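Visitor: Can you look at this prediction? I've put the sequence above it.
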Amino acid sequence: MLKNALIPVLGFVAPSGTGKTTLLSKLIPLLRDRGLRVGVIKHSHHHVDIDKPGKDTYILRQAGANQTLIASRQRWALMVENDTREDEVDLNEIIQHLDQSQLDLILVEGFKHSNFHKIEIYRSGIGRQPLFLSDANIIAVVSDKHIEETENIDVLDLNNTDEILKYIVTKLNLSHNEQGNPVIR
């Protein structure tokens, strides 16, 4: 599992275009409505550049800075160059960059080959074998159809966000104290 995770971590895995980001964008406000502070890590197989050509941080990074941090009153972002990295980014390695003392839960989009608890999003039209058949770390399947091979795994309705939310809160044992603050047991 993830030894650098100090709080619950739950992943969402599926082929590209299946709706991971859409589902997470529906769940995050519901989790926040429950008073939970949510962090997100998203994996990408594509070249990622959040900086814009011509901006100061872009110019400084292109000049050779290995790490560039931009900060304002509203937010800050750290960009780290992985010039010498040939292998994939390790989730356990990057999770330590989050300030977990300010979070109650970390949701991860992707990293399907990493060893941590995940929910698979399975759509009937994808035409691929479900991942849960070969990944013991998948604890539930969220689907738009009935799946036959789910004897030992929880199946949730993709179109029922409240059901998915309740499952996450129950499975990860997230609750609140008398003041309404999250308590993780």
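Guide: Here it is on my side, so go on. Residues are numbered from 1 along each chain as shown.
Visitor: Poorly predicted segments of this structure, please.
Guide: Within the chain, the stretches with pLDDT under 70 are 45-49, 84-86, 176-185.
Visitor: and residue 24, what is it in contact with?
Guide: Contact analysis of residue 24 by C-beta atoms under 8 Å, 6 or more residues apart in numbering lists 12, 40, 107, 109. C-beta here means a position set from N, CA and C on the backbone, and glycine is covered the same way.
Visitor: contacting residues around the spatially most central residue of the chain?
Guide: Geometric centre of the chain, nearest residue: residue 108, 1.3 Å, by C-alpha atoms, centre = their mean. Contact analysis of residue 108 by C-beta under 8 Å, 6+ apart lists 9-12, 40-43, 91, 114, 116, 118.
Visitor: can we see that at 7 Å?
Guide: Taking C-beta atoms under 7 Å, 6 or more residues apart in numbering, we find residue 108 in contact with 9-11, 41, 91.
Visitor: What's opposite it in the beta bridge?
Guide: residue 11, residue 41 (DSSP bridges).
Visitor: farthest pair in the contacts of residue 24?
Guide: 12 and 40 (9.9 Å; C-beta to C-beta).
Visitor: So which of the two has more stuff around it?
Guide: residue 12 (25 against 16; other C-beta atoms under 10 Å).
Visitor: Redo the contacts of residue 24 as JSON lines? Include distance to residue 148.
Guide: Converted to JSON lines, those look like this (distance: C-beta to C-beta, whole Å):
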{"residue": "12", "distance to residue 148": "22"}
{"residue": "40", "distance to residue 148": "32"}
{"residue": "107", "distance to residue 148": "28"}
{"residue": "109", "distance to residue 148": "27"}
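Visitor: And the helix ranked longest in the chain, how far out from the chain middle?
Guide: If you go by DSSP state H, the chain has its longest helix at helix 20-33. Taking C-alpha atoms, centre = their mean, to the nearest Å, one finds helix 20-33 lying 11 Å from the centre of the chain it belongs to.
Visitor: can you offset everything so residue one is 133?
Guide: With the count now opening at 133, the last piece we talked about shows up as helix 152-165.
Visitor: Just the buried residues of it, please?
Guide: 152, 155-156, 159, 162-163 (16 or more other C-beta atoms under 10 Å).
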